[in-house]
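**Student:** From the sequence below, what's the structure:
(2 chains)
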Amino acid sequence: MPGSVKIVVRPESSASYVRAITKGLGITLKHLLEPNKATQQYPDEKWDLSPRLRGTHRMATHEDGRAKCVGCGLCPTVCPVNCIKLIPAEDENGERYAAVYEIDEFRCIFCGFCQEVCPVEAIHLGVHYENAEYSRERWIYDLERLTELDHPFTALWDPFDPASE
Amino acid sequence: MSEPASETIRLTIDGVEVAVPKGTTVLKAAETAGIVVPHYCYHPGIPTRPAQCRMCLVEIEGQPKLQPSCVMTAGDGMNVVTQSEAAREARRSVIEFLLLNHPVDCPICDAAGQCMLQDYAYETGQLESRFQEAKLVLGRDRIADDILYFADRCILCTRCVRFMRDVAGDEALIVAQRGHKAYIDTFPGKDLDNEFRGNIVDVCPVGALVHEDFLFKARAWDMDSAPGVCPGCSNGCNIEIGAKENQVVRIKPRYNAEVNSYWMCDYGRKHLVMANRGARIDLPLIRRNGELEAVHWGEALTWLSERMPEGDGVAVVSPFESTESIAAFRALLARIGISGGGYRLARGDEAQLAGFPKLKLRAERAPNATAAELFGFREVESLPSIAAGATVIVAGDRLDDLPADFAGDAGFFAYLGSHLSEAARNADVILPITTFLEMEGTFINHEGRLQRFRQALVPPGVARPAWMVIRRLLSLLGDGADVLEAEAAFERAATETPGLAGIAWSAIGPKGVLVRTDGAAAPSAR
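**Tutor:** Reported below is the predicted structural model:
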């Protein structure tokens, strides 16, 4: 028969919220007294990062501060998501250099191919992940910004030395 | 060599039996069997074969030593092995010697990706050098105004020296010094200023010679390439257009035995790199209340078809337009009743390539004046003065040398063009059309050879090929259907002149087709 509803009448004692609240606060109190070791005080307390973590890029430089990049164009070629823009040009000494070098960290998938392919060990991924920004434009890192970063480079696994894993 | 070409011999190369005309070299015979023998100093377009790179050594049964296949004449019953242990070892040694002083600066070398040294070194698979000493550094040199020479990368195959001497007939390059210090230099007291010097960059098997216009511009794998026809002059050299990000970055000659062999002139190269310049028209514009206003195609063409005046007027076509566009323009003129019509043609100095008589930088500096003639346009020195109230229709001609008040008081001025010059701004309607780089079509060269070219770039905005625009306009005027493909445009054009009659689009092969330009019907064959 449609529309028939069974109404259960509960006793007052089991319908009250007071018991549930008291139970919950009791758990809170228990955690206050003996803190849970799994919780980390993140901004104050940082993670121990693996040296092989693939994070924000960084450009290696010569002693005089010039970027090591020679503008060969292998990283934009190998990049699976096309996040690297490179326009090579000739400098005053007739050498090839990167006139424009931009990495869109927003689009980057941090695969590390650019670091692996670089013939002069210029572009590296870094052990760094905190790069929140207020605008998307700020996620496009130009050469100047990439050279100014100072976090550690990502360590590559050496296929000839599997123990380095 | 004096035997008739019909006499064939049979030989076996790597177990494959081939039949070639007597007098063929082993290297060429191997090519017919699909076997590439590595080589540096041999180039099919350069007659001299010094056999000095020693890269093409092959083993021939019954001969005690390895033989250079580029000069070894194939003999009847020969058994050639290109991949024998001894031949491979010889090639490996040659590569090892070449790499002794080579800087291996592939990351910054413009030839990387299409370098024969890179290819063969990779193939040989020798990863490490046994060379203990410091490498000799020779540096780089400006060998001509626009060509750089990187001496360290040079493998001294002397293709450039022999091109200049044996093909260009201008002994401007020599090998200076000896042994490991040898390098290529200009002959003392001579400059490398030949009109065909750019070809030494193309023959260079490595990255030793680099054209300055291309230096550090693009990697080999970055470029999209399209087969084209050079618009520099009426010779119609076949070219390979290398484009990166919709910009022309490199021009290379493409082989056509009937037109340009493996070569092209420097005028053509320069001309095409300049194709990137200038402000383009990318929207149709019509004049309303004295102001040019951007509208969409449908509106512009309807507006034009409603106002198209009938009767005689002045018509100008550009000899840079494709055959299909010129034919469509002629059909439009016939529809509205303009007879005649002219084209302007720039002229310059001629230059002849000594080693290939058919290749000559022609005086007529436009690719398709022959087609303009074929469709009844005549060359004019300068445009006639435009009478007040006259009708003026211009297709393609940039008008950039004309005064800003050109056709200012014309009755009706329609302009189909790719670039907006001061004079063109006076038009009542401006329709954006593509340049030949942005469309598919044909050119007819000075001797009447009809050749196809393909689209290399994406047109700006809503620009369309002129034939597409004009045929659409004609269909609005009640004359025929729309034409949307280059093939259909050509077939329509072929019905409109006896010179092209009977030529099928698919029959225009890589060598082109000769057409009759004297008004008679086309030959049915070829």
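**Student:** C-alpha from now on. contacts and neighbour counts both.
**Tutor:** Fine.
**Student:** which residue sits closest to residue B:262, ignoring its sequence neighbours?
**Tutor:** Leaving out its chain neighbours, the residue that sits closest to residue B:262 by CA to CA, 6 or more residues apart in numbering or on different chains is residue B:255, at 4.7 Å.
**Student:** neighbouring contacts of the helix or strand bottoming out on mean pLDDT in chain B?
**Tutor:** The weakest-scoring helix or strand in chain B, judged by mean pLDDT, DSSP states H and E, is helix B:266-273 (a mean of 87). Residues outside helix B:266-273 that contact it (CA atoms under 8 Å, 6 or more residues apart in numbering or on different chains): B:195-198, B:230-233, B:248-252, B:361.
**Student:** repeat that for 6 Å
**Tutor:** Outside helix B:266-273, the residues that touch it by CA atoms under 6 Å, 6 or more residues apart in numbering or on different chains are B:195, B:196, B:198, B:232, B:251.
**Student:** ok, the third one to chain A distance?
**Tutor:** Computed with CA to the nearest CA, to the nearest Å, the distance linking residue B:198 and chain A is 21 Å.
**Student:** Low-confidence ranges, chain A, go.
**Tutor:** By pLDDT under 70, the low-scoring segments of chain A are A:1-2, A:13, A:35-36, A:164-165.
**Student:** In space, not sequence, find me the middle residue of chain A.
**Tutor:** residue A:129 (3.3 Å; CA atoms, centre = their mean).
**Student:** Once you drop chain neighbours, what's closest to that residue?
**Tutor:** residue A:55 (5.3 Å).
**Student:** got a list of what that neighbour touches?
**Tutor:** So residue A:55 contacts A:125, A:126, A:127, A:128, A:129 (CA under 6 Å, 6+ apart).
**Student:** can you check residue B:362 too?
**Tutor:** B:233, B:350.
**Student:** On the three-state scheme, the residue of chain A found nearest chain B is what?
**Tutor:** Distances between chain A and chain B by CA to the nearest CA are smallest at residue A:72, namely 4.8 Å. Assigned with DSSP: H, G, I helix; E, B strand; the rest coil, residue A:72 falls in the coil class.
**Student:** Please verify my assumption that it contacts residue B:107.
**Tutor:** Yes - using CA atoms under 6 Å, residue A:72 makes contact with residue B:107 at a distance of 4.8 Å.
**Student:** Comparing those two, which residue is more hemmed in?
**Tutor:** Legend: neighbour count by other CA atoms under 10 Å in any protein chain shown for residue A:72 and residue B:107, higher for residue A:72 (27 against 19).
**Student:** what residues are up against the more buried one?
**Tutor:** By CA under 6 Å, 6+ apart, the contact set of residue A:72 is B:107, B:108.
**Student:** Pull the residues that contact the longest helix seen in chain B.
**Tutor:** For chain B, the longest helix by residue count, based on DSSP state H, is helix B:85-100. Contacts to helix B:85-100, defined as CA under 6 Å, 6+ apart, come from residues B:55, B:58, B:124.
**Student:** Mind doing that once more with 8 Å?
**Tutor:** B:53-59, B:66, B:82, B:117, B:120-121, B:124, B:126, B:129, B:131, B:135, B:155.
**Student:** next one: stretch B:371-380
**Tutor:** B:317, B:319, B:323, B:326-327, B:330, B:340-345, B:443-444, B:497, B:499, B:517-519.
**Student:** what's the span of it from first residue to last?
**Tutor:** Stretch B:371-380 has an end-to-end distance of 15 Å (criterion: CA to CA, to the nearest Å).
**Student:** and if you look at stretch B:455-473?
**Tutor:** Criterion CA to CA; first-to-last residue distance in stretch B:455-473 is 23 Å.
**Student:** If we go by neighbour counts, what in it is buried?
**Tutor:** Using 16 or more other CA atoms under 10 Å in any protein chain shown as the test for burial, stretch B:455-473 gives B:455-457, B:459-460, B:463-473.
**Student:** how far away is residue A:77 from residue A:58?
**Tutor:** For residue A:77, the distance to residue A:58 - CA to CA - is 18 Å.
**Student:** Those two: who's more crowded?
**Tutor:** Per other CA under 10 Å, whichever of residue A:77 and residue A:58 has more neighbours is residue A:58, with 26 against 18.
**Student:** State the helix or strand in which that one lies.
**Tutor:** Per DSSP states H and E, residue A:58 falls inside strand A:55-59.
**Student:** now swap in residue B:328 and tell me
**Tutor:** Assigned by DSSP H and E, residue B:328 falls in helix B:323-336.
**Student:** If we ignore the residues flanking it in sequence, what's nearest residue B:49?
**Tutor:** Using CA to CA, 6+ apart, the closest residue to residue B:49 is residue B:42 (5.9 Å).
**Student:** list the contacts for that neighbour?
**Tutor:** With the criterion set at CA under 8 Å, 6+ apart, residue B:42 makes contact with B:49, B:50, B:51, B:70, B:159.
**Student:** Among those, which one lies nearest to residue B:393?
**Tutor:** Distance to residue B:393, by CA to CA, is smallest for residue B:159 among the contacts of residue B:42, at 50.5 Å.
**Student:** any idea how far the residue nearest to residue B:49 lies from residue B:171?
**Tutor:** 19 Å.
**Student:** try residue A:129
**Tutor:** 62 Å.
**Student:** Just the buried residues of the helix or strand residue A:114 falls within, please?
**Tutor:** Taking DSSP H and E as the criterion, residue A:114 maps to helix A:113-117. Neighbour-count burial for helix A:113-117 flags A:113, A:114, A:115, A:116 (criterion: 16+ other CA under 10 Å).
**Student:** So it, near chain B or not?
**Tutor:** No - figure legend: helix A:113-117 not in contact with chain B (CA under 8 Å from any CA of the partner chain); closest approach 10.7 Å.
**Student:** Output that helix as PDB, nothing but the C-alphas.
**Tutor:** The C-alpha trace of helix A:113-117 is given here as PDB (Å, rounded to 0.1, in the frame of the first residue of the first chain):
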ATOM      1  CA  PHE A 113      63.200  14.400 -19.400                       C
ATOM      2  CA  CYS A 114      64.600  18.000 -19.900                       C
ATOM      3  CA  GLN A 115      67.200  17.400 -17.200                       C
ATOM      4  CA  GLU A 116      68.100  14.000 -18.700                       C
ATOM      5  CA  VAL A 117      68.500  15.200 -22.200                       C
END
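**Student:** What's the local residue count around the residue in the stretch 201-350 of chain B that chain A sits nearest to?
**Tutor:** As assessed by CA to the nearest CA, chain A sits closest to residue B:216 within the stretch 201-350 of chain B, at 5.9 Å. If you count neighbours by other CA under 10 Å, residue B:216 ends up with 22.
**Student:** Would you mind confirming that it is in contact with residue A:94?
**Tutor:** No - with contacts counted by CA atoms under 8 Å, residue B:216 stays clear of residue A:94, the gap being 10.3 Å.
**Student:** which residues touch residue 143?
**Tutor:** Picking chain A for this. A:59, A:67, A:100, A:101, A:102.
**Student:** To clarify, I was referring to chain B.
**Tutor:** B:149, B:185, B:186, B:192.
**Student:** how about it, phi and psi?
**Tutor:** With angles defined as degrees, to the nearest 10, residue B:143 shows backbone torsions of phi -90, psi -30.
**Student:** One more: the one 5 residues further on?
**Tutor:** With angles defined as degrees, to the nearest 10, residue B:148 shows backbone torsions of phi -100, psi 150.
**Student:** Cool, thanks, talk later.
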